[in-house]
Every structure is written in C-alpha cells, then in structure tokens.
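> any chance you can model this:
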Amino acid sequence: EVQLVESGGGLVQAGGSLNLSCTAFGFSLDDYAIGWYRQAPGKARQRVASTDYGQGGTTDYVGSVKGRFTLSRDRAKNMVYLQMNNLKPEDTAVYYCAADWRGSFYSSVDDYDFWGQGTQVTVSS
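Residues are numbered from 1 along each chain as shown. Here you go, the predicted model:
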C-alpha cells in the first residue's frame with residue numbers, strides 16, 4: 001500500500017524542540033518533491049517547508065519558521081524530517097508531509113500526490 005506516515009509530534013513547552021519524521025511506504029521519495037504543511041483549528045493549511053525532488057535542489061521555508069525549522073532527507077531510509085527548534089505557541093497545529101512526483105519546492109497544495117495522516121504538535125506557553 002502506498003502511503004506516507006508521520007510521527008514525532010507531541011506536547012512541548014515554548015522554546016523546546018521536536019523532530020517530525022515522515023516515512024514513505026510503497027514508493028521511493030527520491031522522485032518526489034516534499035512539502036511539510038500545518039493546519040491549525042479554523043485556519044487554512046499552510047506550507048511550512050518544501051524541497052525539490054532529486055539531489056541538490058532548493059529548500060524553502062515560510063518566513064515565520066526560517067532559522068528555526070530544518071527539512072532534511074534520509075534517502076537510505078526513504079524518510080524526510082522536519083527538525084523544529086525554538087518552538088512557539090503559534091506553531092501549534094497538525095503537521096502533514098506530502099509528496100509531489102517530480103515536483104519542486106514551489107509546488108502548490110493541489111499538486112501533491114500523497115499526504116500523510118498528520119501528527120499533532122502542541123506548544124504550551
């Protein structure tokens with residue numbers, strides 16, 4: 001079965017860190033652009049970070065997380081990560097990873113072929 005599975009969410013105090021993981025089953029992430037999105041209650045899904053497919057591409061972050069979040073890939077494990085440091089209460093949301101075949105860091109939300117089920121991140125003040 002083709003799917004993406006996120007893990008690593010949880011409850012953390014402001015200033016803390018979490019490392020979200022996203023594992024692909026049934027396909028290789030090498031041919032896919034990756035996006036991390038989040039959705040807070042009552043708000044639209046927001047792109048947090050995204051990267052081109054292939055190696056050596058561009059990784060881009062939304063302004064509010066630049067310098068705090070890092071997207072990375074582990075090609076051997078067919079996984080991607082979102083390292084989140086210095087978390088703030090406004091980072092509270094459900095976080096999703098998504099994969100877009102032969103896509104790019106500027107793929108839109110409608111371009112993504114696969115989505116994970118989401119993992120909850122809650123940051124207390």
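> going forward, measure contacts and count neighbours with C-alpha atoms only.
OK.
> which residue sits farthest out from the middle of the chain?
residue 125 (22.8 Å; Cα atoms, centre = their mean).
> residues contacting that one?
13, 14, 88, 89 (Cα atoms under 8 Å, 6 or more residues apart in numbering).
> what pLDDT is listed against the first one?
Meaning residue 13. If you check residue 13, the pLDDT there is 98.
> grab the most central residue of the protein for me.
Short answer for the chain (Cα atoms, centre = their mean): residue 36, at 2.4 Å.
> that's a helix at that residue, yeah?
No. Using DSSP: H, G, I helix; E, B strand; the rest coil, the assignment for residue 36 is strand, not a helix.
> how about the closest residue to it other than its chain neighbours, what does it touch?
Residue nearest to residue 36 in three dimensions, not counting chain neighbours: residue 97, with 4.5 Å by Cα to Cα, 6 or more residues apart in numbering. Residue 97 sits next to 4, 6, 22, 34, 35, 36, 37, 115, 116, 118 when contact means Cα under 8 Å, 6+ apart.
> would you mind measuring from residue 97 to residue 26?
16 Å (Cα to Cα, to the nearest Å).
> and residue 58, by the same measure?
25 Å.
> so who does the nearest residue to residue 118 once chain neighbours are set aside touch?
Take residue 118 and drop its neighbours on the chain: the residue closest to it by Cα to Cα, 6+ apart is residue 96, 4.5 Å away. By Cα under 8 Å, 6+ apart, residue 96 lies in contact with 6, 36, 37, 38, 115, 116, 117, 118, 119.
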